[in-house]
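Novice: build me a model from this:
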Amino acid sequence: MLCFVKDLQVNTLSSETSRKRRAASDSQVDISSKQICRNGSRLVKEKQLMTVARNFGKSWREICRLALNVPSVKLKQIEGDHSLHVKRVFAMLRYWRACQREKATAAHLHSLLSQDDWVLPPESIGFLLEMD
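Specialist: Residues are numbered from 1 along each chain as shown. Next up is the predicted model:
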């Protein structure tokens, strides 16, 4: 009879271990989902804004007005404050980020710059969707 109890405890321990492994596996899946969610909604960083700014061409004003809804008055102010093209675009992107607050995610910026006639080349903005 003692052998039966001993076997029972061993089976219980092994089933507990199995449950713990499954729980750990499930929590790893949950963690991965949370990381994807967090990374998918991470705020755009200044380094990313500068990289995007370097890829804007001559139609940057149109993109700013139509895709990012930056007011013309703000664009004129930025043009007056910055003489170099990249610095102008970077300042405009920083303004957009400040206005958007928690909505200023890398994914959101990518989606705005991937629409309609002002589409930037995918290779110039694809990094916004990459996970850190």
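Novice: around the nearest residue to Val70 once chain neighbours are set aside, how many other residues sit close by?
Specialist: Distances taken as Cβ to Cβ, 6 or more residues apart in numbering put Cys64 closest to Val70, at 4.3 Å, once the chain neighbours are dropped. Quick note: C-beta positions are derived from backbone N, CA and C, even for glycine. Residues lying near Cys64 (other Cβ atoms under 10 Å) number 24.
Novice: from Phe90, how far out is Lys47?
Specialist: Shown here: Lys47 relative to Phe90, a distance of 11 Å by Cβ to Cβ, to the nearest Å.
Novice: what about those two, which has more around it?
Specialist: Shown here are Lys47 and Phe90; by other Cβ under 10 Å, Phe90 has more neighbours (21 against 8).
Novice: ok, and the closest non-adjacent residue to the more buried one?
Specialist: In this structure, Phe90 finds its nearest non-sequential neighbour in Ala53, 4.1 Å apart by Cβ to Cβ, 6+ apart.
Novice: next, count neighbours for the one you found.
Specialist: For Ala53, the count of nearby residues is 19 (other Cβ under 10 Å).
Novice: show me the contacts for it.
Specialist: Applying Cβ atoms under 8 Å, 6 or more residues apart in numbering to Ala53 gives the contacts Val86, Lys87, Val89, Phe90, Leu93.
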